[in-house]
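Novice: pasting the sequence and the predicted model now:
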Amino acid sequence: CALPISIGVAADRRSARTFVRLNAVPLALSFVLIYLPVPLKDAWLAAFALIGHMLFRTLYVAVNVPYAALTVRIAPDSASRSRIAGLRMILGASAALIVAKGTQLAIGHAPQIGYAAAAAAFGAVGTILLLVVGGMGGKGAAASAEPVRFSLRSVSAAMAGNRAFARVNLGICGAVASMAVLTRAIPYYFKYEVGSVSA
């Protein structure tokens, strides 16, 4: 929770667009890194995976928090922001289908490096889109001229007093936990119960 808040405060004090642009390429490179086949084993492989995932997830937050905040900057009113948010969800679901199909095609053509190749292709497309979005102007509300001082106590109090925020976050945590169990249970079932990994 502290990392997104810290990044949000830093991006607000400087420029959300700059954060998106500066971190877009490192994010894409770290995305490829977590899928890169490396000749490591045991503890070295575990360490590589841990460092790669921590790097990717940190850079993801460094891009996603200011990216989400740009909606306020580029949209002049709440109706426009709602349309943008809805369109983003629709396009995100469509992109998930493209990524799923594209990754399978990449693995079919190059089993050894298919995941990394797909990550490189999708990372390149994502980087271009982030650079375009990060360079766009907007008609949204202007940023406050006077920077707000960050206080962990005030942020914690605001979050604690917002029941809707707490419920949404609990729901997201539950959904993430459910998805994690599901994505591991299905391959396990097909490998050990059905006896067919390819199925």
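Specialist: Arrived safely, thanks for sending. Residues are numbered from 1 along each chain as shown.

Novice: quick one: low-confidence parts of the chain?
Specialist: Across the chain, the stretches falling below the confidence threshold (pLDDT under 70) are 1-14, 137-150.

Novice: what segments of it are helices?
Specialist: Secondary structure of the chain (DSSP state H): helices at 2-13, 16-33, 42-74, 78-109, 114-134, 152-160, 163-188.

Novice: deepest of these, which one?
Specialist: Across those, averaging neighbours per residue (mean count of other C-beta atoms under 10 Å) puts helix 16-33 on top, at a mean of 20. From N, CA and C alone the C-beta is placed, and that goes for glycine too.

Novice: which other helices and strands contact it?
Specialist: Counting contacts by 3 or more C-beta pairs under 8 Å, 6 or more residues apart in numbering; DSSP states H and E, the secondary-structure elements packed against helix 16-33 are helix 2-13, helix 42-74, helix 114-134.

Novice: quick check: Y35 vs L29, distance?
Specialist: Distance, Y35 to L29, using C-beta to C-beta, to the nearest Å: 12 Å.

Novice: and of the helices of the chain, who's closest to A199?
Specialist: Shortest distance between A199 and the helices of the chain, using C-beta to C-beta, is found for helix 163-188: 10.2 Å.

Novice: what angle sits between the closest one and helix 152-160?
Specialist: With axes from the mean of the first three to the mean of the last three C-alpha atoms, to 10 degrees as the criterion, the two stretches helix 163-188 and helix 152-160 enclose an angle of 80 degrees.

Novice: mind checking how far helix 163-188 is from the chain centre?
Specialist: Computed by C-alpha atoms, centre = their mean, to the nearest Å, the separation of helix 163-188 from the middle of its chain amounts to 16 Å.

Novice: give me the packing partners of that helix, helices and strands only.
Specialist: For helix 163-188, the elements it packs on are helix 152-160, judged by 3+ C-beta pairs under 8 Å, 6+ apart.
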